[in-house]
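1. 3D model of this:
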Amino acid sequence: QVQLVESGGGLAQAGGSLRLSCAASISGRTFSSYRMGWFRQAPGKEREFVAAISRSGGNTSYADSVKGRFTISRDNAKNTVSLQMNSLKPEDTAIYYCNGSPRMPWGQGTQVTVSS
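-> Below you'll find the model as predicted:
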């Protein structure tokens, strides 16, 4: 059984920063056995990929729209994955979700709103 809880969202000005965290409660297998990622869904749009990190944390990948501005990291000892978001833009406004591979049940997400 898996439960994901995202936090850290809020209101930021364009050019500002936010740090999102995702805590995973897992039974039956270890957190380190999952690749993890962040996704976002803006109003009226499909959920889209933002960033991913390998099981060990040694490899990361990013959507072109956030490359160079966002950094994904994980702490396998604490069952957490984080997303450092810098140089925020209004188009980053969305609900942000974490999830893994194999796919987990979606959490409630955390709202990020960036004002211009």
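2. Next up, the contacts around the spatially most central residue of the chain.
-> Taking C-alpha atoms, centre = their mean, the centroid of the chain lies closest to W38, which sits 3.0 Å from it. Counting by C-beta atoms under 8 Å, 6 or more residues apart in numbering, W38 touches L20, C22, V50, A51, A52, F70, I72, V81, L83, Y96, Y97, C98. All C-beta spots, glycine's among them, are computed from the backbone N, C-alpha and C.
3. May I see these organised as a markdown table, with neighbour count added?
-> A markdown table is the format used below for those (neighbours: other C-beta atoms under 10 Å):
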| residue | neighbour count |
| --- | --- |
| L20 | 25 |
| C22 | 26 |
| V50 | 24 |
| A51 | 24 |
| A52 | 20 |
| F70 | 22 |
| I72 | 22 |
| V81 | 29 |
| L83 | 26 |
| Y96 | 22 |
| Y97 | 21 |
| C98 | 29 |
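4. before we move on, back to that, how distant is the strand or helix carrying the residue nearest to the centre of the chain from the center of its chain?
-> Per DSSP states H and E, W38 falls inside strand 35-41. Relative to its chain's centre, strand 35-41 lies at 5 Å (C-alpha atoms, centre = their mean, to the nearest Å).
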